[in-house]
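1. 3D model of this:
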Amino acid sequence: MNTKRIPHGLMYEDFEPGRRFRHHWARTFSDADASAYSAMTMQYNPIYFSAPHATSAGYDGIPVHPMFVFATAVGLSVEDLSEAGGPFLGVEDVVFKKPVYPGDTICAHSLVASRRATESRPGWGVVEWHTTALNQRGETVIEFRRRNLSRMRLAPQHVVS
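-> As a prediction, this is how the structure comes out:
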């Protein structure tokens, strides 16, 4: 069987610190999305399934679970940042700024915060991005930093002794 591999994603050298990415996808959350996520992840907090509880807690209605918003924001960035592969190294400084409600649409953009070659894994580097997601009104709903290993296009050569 003859197949052709089509490479996707960017490499370590493409992530110059300070480079900005405006991720072109956006995601609108529906009532069904919010309910399904809360049910599948067994969220027993009534703000995620009871409008009276949500409004008594200060929300404008039943909010979309913030971890669903976080996972969606990461997903919006994958095509530009980590689609080429490389292990996920973690996320830090997650700040939920505003609740997201069914009917809201979020988009995201990222800034290359840093990069460095690894000593323990030749041919790879660690890249860190700062991602911000905004709603349709331009309000920041979440910010976070994440890191991945990223393959180098020009991997250093090793001398075998």
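2. burial of residue 20, as a residue count?
-> For residue 20, the neighbour count with other Cβ atoms under 10 Å is 9. Just so you know, the C-beta spots here come from the backbone N, C-alpha and C atoms, and that holds for glycine as well.
3. Can you name the residues bridging to it?
-> residue 111 (DSSP bridges).
4. Can you say which helix or strand has the residue most central in space within the chain in it?
-> By Cα atoms, centre = their mean, the chain has its centre lying nearest to residue 74, at 1.3 Å. In the assignment (DSSP states H and E), residue 74 maps to helix 66-81.
5. so how far is that helix off the chain centroid?
-> Remark: helix 66-81 is offset 3 Å from the chain centroid, using Cα atoms, centre = their mean, to the nearest Å.
6. Spell out the residue ranges of the helices in the protein.
-> Listed in chain order, the helices of the chain (DSSP state H) span 31-40, 51-56, 66-81.
7. In JSON lines: the ones you listed, plus distance to residue 136 and mean pLDDT.
-> Below are the helices of the chain laid out as JSON lines (distance: least, Cβ to Cβ, whole Å; pLDDT from 0 to 100):
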{"stretch": "helix 31-40", "distance to residue 136": "16", "mean pLDDT": "93"}
{"stretch": "helix 51-56", "distance to residue 136": "20", "mean pLDDT": "96"}
{"stretch": "helix 66-81", "distance to residue 136": "14", "mean pLDDT": "95"}
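8. Need the winner for burial among those helices.
-> helix 66-81 (a mean of 18; mean count of other Cβ atoms under 10 Å).
9. If you count contacts, what does that one end up packed against?
-> strand 20-28, helix 31-40, strand 88-96, strand 105-117, strand 124-134, strand 140-151 (3 or more Cβ pairs under 8 Å, 6 or more residues apart in numbering; DSSP states H and E).
10. tell me what the longest one is packed against?
-> Right, the one you point to is strand 105-117. Where contact means 3+ Cβ pairs under 8 Å, 6+ apart, strand 105-117 is packed against strand 20-28, helix 66-81, strand 124-134, strand 140-151.
11. tell me the mean pLDDT over it?
-> Here strand 105-117 scores 97 as its mean pLDDT.
12. ok, now stretch 86-100?
-> On average, stretch 86-100 scores 95.
13. any residues touching it, and which ones?
-> The contact list for stretch 86-100, computed with Cβ atoms under 8 Å, 6 or more residues apart in numbering, reads 29, 59-60, 63-64, 66, 69-70, 74, 82, 106, 124, 126, 135, 139-151.
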